[in-house]
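# predicted model and sequence follow; I will ask about them next.
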Amino acid sequence: MREGSLEAPTRHPLDWKSEAFRDPAKVEKELERVFDICHGCRRCVSLCTTFPTLFDLVDASPTLEVDGVKKEDYAKVVDQCYLCDLCYMTKCPYVPPHPWNVDFPHVMLRAKALKFEKGIKFRDRLLSSTDAMGKLAAIPVVAQTVNAVNQNGVARKVLETTLGVHKDRELPPYAPHKFRSHAVESPPFPVRDGKDTPGKVAIFATCYMNYNEPQLGHDLLAVLSHNEIPYVVVDKEACCGMPKLELGDLRGVDLLKQRNIPVLARHARDGYAILAPVPSCALMFKQELPLMYPDDADVLAVRDAMFDPFEYLVLRKKEKLLKSDFKQPLGKVAYHIPCHARVQNMGQKTREMLESVPGTQVTVVERCSGHDGTWGVKSEYFDNSMKIGRPVFRMMAEPQPDYVSSDCPIAARHIMQGMADDAGKAVKAHPLTLLRKAYGL
Ligand code: SF4
Ligand code: SF4
């Protein structure tokens, strides 16, 4: 038996439709098996609060082993996991093809699916319905009201008591206009395919960009237009399903998949590169859905056409199909790589692109910020979320940057909140915004 992760991990598909997947006795047995291996290893202790919770339970048990931990306490471990996949992708030497076959995030997901079927809080249903909430908030008067409530201390206390949304969490405002309804149409540029990049782009807008930070989308369109890359914005788009996956709501993921995949697969087959500017959404199509539907040709076509925006732009640059007529230096950029970008295994493409702008120094922080989509918003996890992020807040502040940037706009917001006064004069700016600025657009 060989330890070590020199080979690429073989991720087994998620057998989520089988009876065994949600058989409580089988899930419990698998949790105990994996917990026991983790207790003997303890390598992941610093990644998140899931592992310390497990190890504290073991160390306080009468046997000092996993068999001494009460089964009902397993849920305490599961609740701390926000499925970032880092333990699987970056730490664990026992992932398949190793015979111990440890897939910690997947056993967490099984336990979450079981919990979901027993019933979850209204708050969790609401927070995972990003699309429905966004549609509602897209009505201007509703957006104003929601934004005003989010800024009001008394209202936030009420929100915490009634819904369990932590009063101190800075929430993103809803934009007055959706990205999709204000996206400028692409000029009719000719399609120039590269060796590894299709020469036309379809944009999966994502709930966050569509409803909360449409400016990111407009920045992306400006960069594409400057580089004469024709684009379309995908219509009939629904949420990618990541917030539902993180809750264990696999049937909810399935419903969203049925809405998104036929439209996206059509674009993939028509020769478009599909760009999703939020890493969690890109990961959903690149990894999570293919693991849930390994034999679905449409899902696999979408996977193969899906790019992180900077992954696409750096490839275009290598193909000499991207302009480098930068007009403005960016100065000092503290750049955070979110977990869901790291586990896409594409390398540090955003850093590469930003560093190619003359007069730009990029400090890279490659560590979990601790927010995760909706996890760090919830009252019971807010403190842990800030605790996990603390080293990131410190490292981002250290170079006294001009800009604080992350591919994940939710992580960037969380990092700015954590940096507080240490942020100094630094401005939060998404890498796409920085690239647009560098081009002088
Ligand atoms: S998937 Fe992420 S949050 Fe979950 S146990 Fe692994 S490192 Fe921790
Ligand atoms: S997930 Fe793997 S590396 Fe992490 S503690 Fe468990 S066995 Fe060790």
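Great, that's in hand. Ligands and ions are numbered 1, 2, ... in the order given.
# assign a three-state SS to the residue nearest to residue 153 when sequence neighbours are not counted, would you?
Closest residue to residue 153 apart from its sequence neighbours, by Cβ to Cβ, 6 or more residues apart in numbering: residue 167 at 7.4 Å. No exception for glycine: its C-beta is placed from N, CA and C like everyone else's. Assigned with DSSP: H, G, I helix; E, B strand; the rest coil, residue 167 falls in the coil class.
# who in the stretch 51-200 of the chain is up against ligand 1?
Remark: the part of the stretch 51-200 of the chain in contact with ligand 1 comprises 81, 82, 83, 84, 85, 86, 87, 104, 105, 108, using Cβ under 6 Å from any ligand atom.
# the fifth one and residue 344 touch, don't they?
No - under the criterion of Cβ atoms under 8 Å, residue 85 lies out of contact with residue 344, with a separation of 9.8 Å.
# ranges for the strands of the protein?
For the chain, the strands defined by DSSP state E cover 201-203, 231-233, 273-275, 306-307, 331-336, 360-365, 403-406, 427-428.
# pLDDT wise, what is the residue of the stretch 201-350 of the chain found nearest ligand 2 at?
The stretch 201-350 of the chain approaches ligand 2 most closely through residue 343 (13.9 Å), counting by Cβ to the nearest ligand atom. We have a pLDDT of 87 for residue 343.
# re earlier: of the residues of the stretch 51-200 of the chain next to ligand 1, just say which sits nearest to residue 217.
Using Cβ to Cβ, residue 84 is the member of these that sits closest to residue 217, with 24.7 Å.
# contacting residues around the residue nearest in space to the middle of the chain?
Residue closest to the mean C-alpha point of the chain, counted by Cα atoms, centre = their mean, is residue 280 at 2.6 Å. Residue 280 makes contact with 240, 242, 338, 340, 373, 408 under the criterion Cβ atoms under 8 Å, 6 or more residues apart in numbering.
# the second one and ligand 1, how far apart?
From residue 242 across to ligand 1, the span is 13 Å (Cβ to the nearest ligand atom, to the nearest Å).
# that residue: how many residues sit nearby?
For residue 242, the count of nearby residues is 29 (other Cβ atoms under 10 Å).
# please apply the same query to the fourth one.
Residue neighbour count, defined by other Cβ under 10 Å, stands at 28 for residue 340.
# neighbours around the closest residue to it other than its chain neighbours, how many?
Spatial nearest neighbour of residue 340, excluding adjacent residues (Cβ to Cβ, 6+ apart): residue 279 at 4.1 Å. Per other Cβ under 10 Å, the neighbour tally for residue 279 reads 28.
# then residue 118?
7.
# how about residue 309?
Neighbourhood size, residue 309 [other Cβ under 10 Å]: 28.
# likewise for residue 71?
Neighbours of residue 71 under the rule other Cβ under 10 Å: 10.
# returning to that earlier point: can you put the residues of the stretch 51-200 of the chain next to ligand 1 in a markdown table and add pLDDT and neighbour count?
What follows is those, written out as a markdown table (pLDDT from 0 to 100; neighbours: other Cβ atoms under 10 Å):
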| residue | pLDDT | neighbour count |
| --- | --- | --- |
| 81 | 93 | 24 |
| 82 | 88 | 25 |
| 83 | 90 | 25 |
| 84 | 89 | 26 |
| 85 | 90 | 21 |
| 86 | 88 | 20 |
| 87 | 93 | 22 |
| 104 | 96 | 25 |
| 105 | 95 | 20 |
| 108 | 96 | 23 |
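# among those, find me the one that's closest to residue 157.
Relative to residue 157, the closest of those is residue 82; by Cβ to Cβ it sits at 25.1 Å.
# from what I can see the closest one touches residue 375, true?
Yes - between residue 82 and residue 375 there is a contact under Cβ under 8 Å: 4.1 Å.
# what about the helices in the stretch 151-300 of the chain?
Using DSSP state H, counting those that start in this stretch, the helices of the stretch 151-300 of the chain run over residues 153-163, 179-182, 207, 214-226, 242-247, 250-269, 279-283, 289-292, 297-305.
# among the ones you listed, which is nearest residue 13?
helix 289-292 (5.3 Å).
# packing partners for the closest one?
Helix 289-292 sits against helix 250-269, helix 297-305, with contacts defined as 3 or more Cβ pairs under 8 Å, 6 or more residues apart in numbering; DSSP states H and E.
# now with 6 Å, please.
helix 297-305 (3 or more Cβ pairs under 6 Å, 6 or more residues apart in numbering; DSSP states H and E).
# quick one, grab the pLDDT at the residue nearest to the centre of the chain.
Looking at residue 280, its pLDDT is 93.
# kindly report the same for residue 34.
97.
# interface residues of the stretch 101-250 of the chain facing ligand 2?
Contact residues (Cβ under 6 Å from any ligand atom) of the stretch 101-250 of the chain with ligand 2: 102, 104.
# tell me where the stretch 101-250 of the chain is predicted with low confidence.
120-150, 152, 154-156, 159, 163 (pLDDT under 70).
# for the closest residue to ligand 2 within the stretch 101-250 of the chain, give me its contacts.
When scored by Cβ to the nearest ligand atom, the stretch 101-250 of the chain has residue 104 as its residue closest to ligand 2, at 4.2 Å. Residue 104 makes contact with residue 87, according to Cβ atoms under 6 Å, 6 or more residues apart in numbering.
# do the same with residue 242
Residue 242 neighbours (Cβ under 6 Å, 6+ apart): 280, 284.
# give me the distance between it and residue 281.
In this view, residue 242 and residue 281 are 6 Å apart by Cβ to Cβ, to the nearest Å.
# overlap of the contact sets of these two?
Common contact partners of residue 242 and residue 281 (Cβ under 6 Å, 6+ apart): none.
# closest point of the stretch 51-200 of the chain to ligand 2, which residue?
Closest to ligand 2 within the stretch 51-200 of the chain is residue 92: 3.1 Å, counting by Cβ to the nearest ligand atom.
# ramachandran angles for that residue?
phi -80, psi 120 (degrees, to the nearest 10).
# burial check on it, number of neighbours?
Neighbour tally, residue 92, other Cβ under 10 Å: 22.
# now residue 268: closest residue in space that isn't a chain neighbour?
Per Cβ to Cβ, 6+ apart, closest to residue 268 is residue 305, 3.6 Å.
# could you measure from the one you found over to residue 95?
Noted for residue 305: a distance of 27 Å to residue 95, by Cβ to Cβ.
# residue 60 now?
For residue 60 relative to residue 95 (Cβ to Cβ), the value is 28 Å.
# which one of the two has more residues nearby?
For residue 60 and residue 95, the more surrounded residue by other Cβ under 10 Å is residue 95, and the numbers stand at 22 against 11.
# which ones are touching that one?
9, 88, 102.
# nearest to residue 385, of the helices of the stretch 151-300 of the chain?
Among the helices of the stretch 151-300 of the chain, helix 242-247 comes nearest to residue 385, with 13.7 Å by Cβ to Cβ.
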